[in-house]
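> would you be able to build a 3D model of this:
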Amino acid sequence: MWELVKAGGWPMLPLIVLGVLGVAIILERLWTLRRNEVLPPGLGQEVRSWAARGRLEPAHLQTLRDNSPLGALLAAALEARNRPREQMRERIEDTGRHLVHRMERYLPALSTIASAGPLLGLLGTVIGMIQMFLGLMDHGAGDVSQLAGGIGKALVCTATGMAVAIPALIAHRYFRARVSGYVVEMEKEAAALMDALDGRPAVLAAAAAAGKPAEAKGAAPVQQPARS
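I've put the predicted structure just below:
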């Protein structure tokens with residue numbers, strides 16, 4: 001491995017740095033964008049039961065906001081519950097844009113790595129080829145094996161650049177698709193909560209039914225959502 005790095009020359013150094021950064025970003029996003037971390041199961045139904053009972057306290061809203069991105073979106077809707085529906089929708093959209101930006105953190109850097117990797121690899125290859133042909137001008141082309149070895153060394157950078165760029169590109173597309181899917185589900189939960197806040201009977205009945213077992217057992221009327 002070290003011999004390949006030395007054969008590629010100095011362009012291998014930024015390629016190695018890009019590779020390490022790419023792996024770090026991929027691992028960090030895999031951990032941060034876990035489904036249970038973004039969309040805790042049952043949180044939407046629990047919040048709708050809060051709205052049905054009309055018992056919303058600032059402490060519970062803060063807990064909900066800190067719970068997850070979905071919790072932050074629903075908390076924004078609950079904070080605007082006394083405003084007209086259009087203003088509530090605008091508040092949800094504003095909060096949603098901030099949440100999307102947070103979920104897409106580091107993805108532009110991953111896209112840059114996917115674009116810069118092949119270019120750096122090509123740069124290393126061109127530099128290697130230039131050095132090889134300059135050597136041929138000085139010493140001639142009598143040794144074919146030396147010529148083939150020089151070409152092989154020059155192509156090391158190209159191969160390394162592609163090895164760095166391909167995983168970064170795949171991961172970038174994957175995370176963008178995952179965030180888009182989360183956004184759709186968060187929009188559905190926010191719309192259901194707005195319907196509950198509007199007082200639509202079907203939604204209120206379902207939310208109230210979900211809250212009955214806790215009341216029957218003497219539990220607190222408003223529960224803090226459990227963070228997964």
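> quick check: which element contains residue 40?
Residue 40 belongs to no helix or strand when assigned by DSSP states H and E.
> where's the closest residue to residue 74 other than its chain neighbours, which helix or strand?
Counting by CB to CB, 6 or more residues apart in numbering, the nearest residue to residue 74 once its immediate chain neighbours are dropped is residue 47, at 4.8 Å. Bear in mind the C-beta positions are built from the backbone N, C-alpha and C, glycine included. Using DSSP H and E, residue 47 sits in helix 43-53.
> so which elements touch the helix or strand following that helix?
Going down the chain from helix 43-53, the next helix or strand is helix 58-67, by DSSP H and E. Contacts defined by 3 or more CB pairs under 8 Å, 6 or more residues apart in numbering; DSSP states H and E place helix 58-67 against helix 43-53, helix 69-79.
> repeat the analysis, applying 7 Å as the threshold.
helix 69-79 (3 or more CB pairs under 7 Å, 6 or more residues apart in numbering; DSSP states H and E).
> for the very next helix or strand once past the helix it packs on, which outside residues touch it?
Sequence-wise, the next helix or strand downstream of helix 69-79 (DSSP H and E) is helix 85-103. With contacts defined as CB atoms under 7 Å, 6 or more residues apart in numbering, helix 85-103 is touched by 33, 69, 72-73, 76-77, 80, 179, 182-183, 186, 190, 194, 198.
> give me the contact list for the helix or strand hosting residue 27.
Assigned by DSSP H and E, residue 27 belongs to helix 12-32. Helix 12-32 has contacts (CB under 7 Å, 6+ apart) with 5, 106, 109-110, 113, 116-117, 120-121, 124, 157, 160-161, 164, 167-168, 171, 175.
> next one: the nearest residue to residue 62 once chain neighbours are set aside from residue 42, what distance?
Distances taken as CB to CB, 6+ apart place residue 75 nearest to residue 62, at 7.8 Å, with adjacent residues excluded. Going from residue 75 to residue 42 by CB to CB, to the nearest Å gives 16 Å.
> which one's more surrounded, the two?
The residue with more neighbours, out of residue 75 and residue 42, is residue 75; 21 against 11, by other CB atoms under 10 Å.
> so the more buried one makes contact with residue 61?
Yes: using CB atoms under 7 Å, residue 75 makes contact with residue 61 at a distance of 5.0 Å.
> low-confidence ranges, this structure, go.
For the chain, the stretches flagged by pLDDT under 70 are 1-8, 54-55, 135-150, 199-228.
> tell me how far the one helix or strand residue 197 maps to lies from the chain's centre.
Per DSSP H and E, residue 197 falls inside helix 144-198. Its chain's C-alpha centre and that of helix 144-198 lie 10 Å apart, by CA atoms, centre = their mean, to the nearest Å.
> please name the nearest non-neighbouring residue to residue 110.
Leaving aside its sequence neighbours, residue 110 sits nearest to residue 172 (CB to CB, 6+ apart; 4.6 Å).
> using CSV, write out every CA atom in the helix holding residue 47.
Taking Å, rounded to 0.1, in the frame of the first residue of the first chain, the C-alpha atoms of helix 43-53 are listed here in CSV:
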residue,chain,number,x,y,z
LEU,A,43,-44.6,10.2,18.5
GLY,A,44,-47.1,11.7,16.1
GLN,A,45,-50.0,9.8,17.7
GLU,A,46,-48.8,10.8,21.1
VAL,A,47,-48.7,14.4,20.2
ARG,A,48,-52.1,14.3,18.7
SER,A,49,-53.5,12.9,21.9
TRP,A,50,-51.9,15.9,23.7
ALA,A,51,-53.7,18.2,21.3
ALA,A,52,-57.0,16.4,21.8
ARG,A,53,-56.8,16.8,25.6
